[in-house]
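> pasting a predicted model and its sequence here:
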Amino acid sequence: MANHIVLLATLALYLSVSLASDHSPLQDFCVADQNSPVTIDTLVNGLACKDAKLVQANDFSFSGLHVAGNTSNPVGSRVTPITVTQVPALNTLGISMARIDYAPWGINLPHTHPRASEILTVIEGQLEVGFVTSNPENRLIKRVLQKGDVFVFPVGLIHFQRNIGYSNMVAIAALSSQNLGVITVANAVFGSKPDIATDLLVKAFQVDKSVISRLQSTF
């Protein structure tokens, strides 16, 4: 019996590790066929493959990451994603990246990536970063990064960034999924369609109904 328990525990650990990220590809590459009627929303592990004989170098490359994103918006940041949409050859490879531009005191709103861990590198400027651990501790782990510093955000945890300088700054993020997913906390809670019941949010946040109604109208 003891041996069976050890075997089951080992198997459970193996499966948890194996399923912790995108599945490994079964061929050299599977460049996404952007013209296929099968979309990323209808497949569990990526898009349909283009005929390998039709693959070109352009399928593996992207130009424009040197171009600053437009941060003229209420939060003062802009994310330029490099996913399978921009680079079809990322299909089934389980990786993606992004450039993030920040205006002075601009923020990347608290959000989560349900399918990816993230490693972020500061290219220029000073950046306050942090994430919150899961219940019940809800511990805030944060740090101020300088040029060349790196910080890791574990998969699924709420995290954020803020430019604490008086000049524009930029960071590069690498992520462990081709389809990482983004859930912005405020948008999800106060901007869901249809709305989450106001009385439920009043009880959850312990604030007046008018506050919830105003937030829902904003998002």
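Okay, I see it. Residues are numbered from 1 along each chain as shown.
> do you know the pLDDT at residue 50?
Note on residue 50: pLDDT of 86.
> skipping adjacent residues, who's closest to residue 34 in space?
residue 88 (6.3 Å; CB to CB, 6 or more residues apart in numbering). No exception for glycine: its C-beta is placed from N, CA and C like everyone else's.
> which residues in this structure form strands?
With DSSP state E as the criterion, the chain has strands at 77-82, 96-102, 107-112, 118-124, 127-132, 140-145, 150-153, 159-163, 169-175, 183-184.
> a markdown table for those, including mean neighbour count, distance to residue 196 and mean pLDDT?
Formatted as a markdown table, those follow (neighbours: other CB atoms under 10 Å; distance: least, CB to CB, whole Å; pLDDT from 0 to 100):
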| stretch | mean neighbour count | distance to residue 196 | mean pLDDT |
| --- | --- | --- | --- |
| strand 77-82 | 18 | 26 | 96 |
| strand 96-102 | 23 | 29 | 96 |
| strand 107-112 | 18 | 17 | 97 |
| strand 118-124 | 18 | 27 | 96 |
| strand 127-132 | 20 | 21 | 98 |
| strand 140-145 | 14 | 25 | 98 |
| strand 150-153 | 17 | 26 | 98 |
| strand 159-163 | 23 | 22 | 98 |
| strand 169-175 | 22 | 28 | 97 |
| strand 183-184 | 15 | 14 | 96 |
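> out of the ones you listed, which gets nearest to residue 65?
Counting by CB to CB, residue 65 lies closest to strand 96-102 out of the strands of the chain; the figure is 5.4 Å.
> and residue 81, how far from residue 135?
Residue 81 is 30 Å from residue 135, where distance means CB to CB, to the nearest Å.
> repeat that for residue 53.
From residue 53 to residue 135 the distance is 52 Å (CB to CB).
> got it, and residue 113?
Residue 113 is 19 Å from residue 135, where distance means CB to CB.
> same check, this time on residue 77
Distance from residue 77 to residue 135, by CB to CB: 28 Å.
> one more: residue 63?
43 Å.
> what do you get for residue 204?
14 Å.
> likewise for residue 143?
Counting by CB to CB - residue 143 and residue 135 are separated by 22 Å.
> residue 123 too?
Relative to residue 135, and taking CB to CB, residue 123 is found at 34 Å.
> burial of residue 27, as a residue count?
8 (other CB atoms under 10 Å).
> so what's it up against?
With contact taken as CB atoms under 8 Å, 6 or more residues apart in numbering, residue 27 is in contact with 49, 52.
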